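sequence and predicted structure, then a few things I'm wondering about:
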Amino acid sequence: MPLRGRGWQGFLVFLRYQCYYEYPLLTYLEYPILIAQDIVLLLCVFHFHGNVYRAAPYIALFVASWFVLALQRWIMDLAMNLCTFISAASKFAQLQYLWKTRDSGAVSTLTWVLASYTCVTRIITTLMTTNDLTILVRFVVMLALNLWVTATVLRYRKTVVKAE
């Protein structure tokens, strides 16, 4: 039972990247909380499916990843760049689906606006604190794609006609 849609691997890579380069704690404080939230969610899912021990491989993978990421600088940088690529591919897949169906009824415009806003604030805080080019590129790419998805959602939004 893989975890889908949460991105705990991305949270882990981003947290480890920021720890590895010794960036200020306030620039990545939410990632430990998000990871803990995902671990609790994972344990709850396995608990309610009757087998908590099936979570052990995921937790082992998490712990092993934490140490493997910091073995070499190139591993850390590669993992961060792959996370950016995977996130971009995910947003592009969303765009393709919207173009294909020409229906954005199941997509929240507010969610994409908030995602765009988050990227803008991350760009600003990164410029003010670390000026890390890898992180800046990540958030600029994510901002562009979030805005593109938002525009596509607005374009294919159906107007509701009220009956009198």
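Cool, got the structure.

domain-wise, how is this protein divided?
1-71, 89-164 (automatic domain parsing).

could you say what helices and strands the top helix by length along the chain packs with?
Counting by DSSP state H, the longest helix found in the chain is helix 73-101. Packing partners of helix 73-101 (3 or more Cβ pairs under 8 Å, 6 or more residues apart in numbering; DSSP states H and E): helix 8-20, helix 56-69, helix 133-155. No exception for glycine: its C-beta is placed from N, CA and C like everyone else's.

so which of the domains of the chain gets nearest Ala79?
domain 1-71 (4.7 Å; Cβ to Cβ).

pLDDT of the closest one, averaged?
Mean per-residue pLDDT for domain 1-71: 80.

same deal with stretch 140-159?
Throughout stretch 140-159, pLDDT has a mean value of 92.

what's next to it, contact-wise?
84, 87-88, 91-92, 94-95, 98-99, 101-105, 107, 109, 112-113, 115-116, 119-120, 123 (Cβ atoms under 8 Å, 6 or more residues apart in numbering).

go again with 6 Å.
Under the contact criterion Cβ atoms under 6 Å, 6 or more residues apart in numbering, stretch 140-159 has outside partners 88, 91, 94-95, 98, 102-104, 107, 109, 112-113, 115-116, 119.

list the buried residues of that stretch.
Val141, Met142, Leu143, Leu145, Asn146, Leu147, Trp148, Val149, Thr150, Thr152, Val153 (16 or more other Cβ atoms under 10 Å).

again with stretch 9-25
So for stretch 9-25, counting by 16+ other Cβ under 10 Å, buried means Gln9, Gly10, Phe11, Leu12, Val13, Phe14, Leu15, Arg16, Tyr17, Gln18, Cys19, Tyr23.
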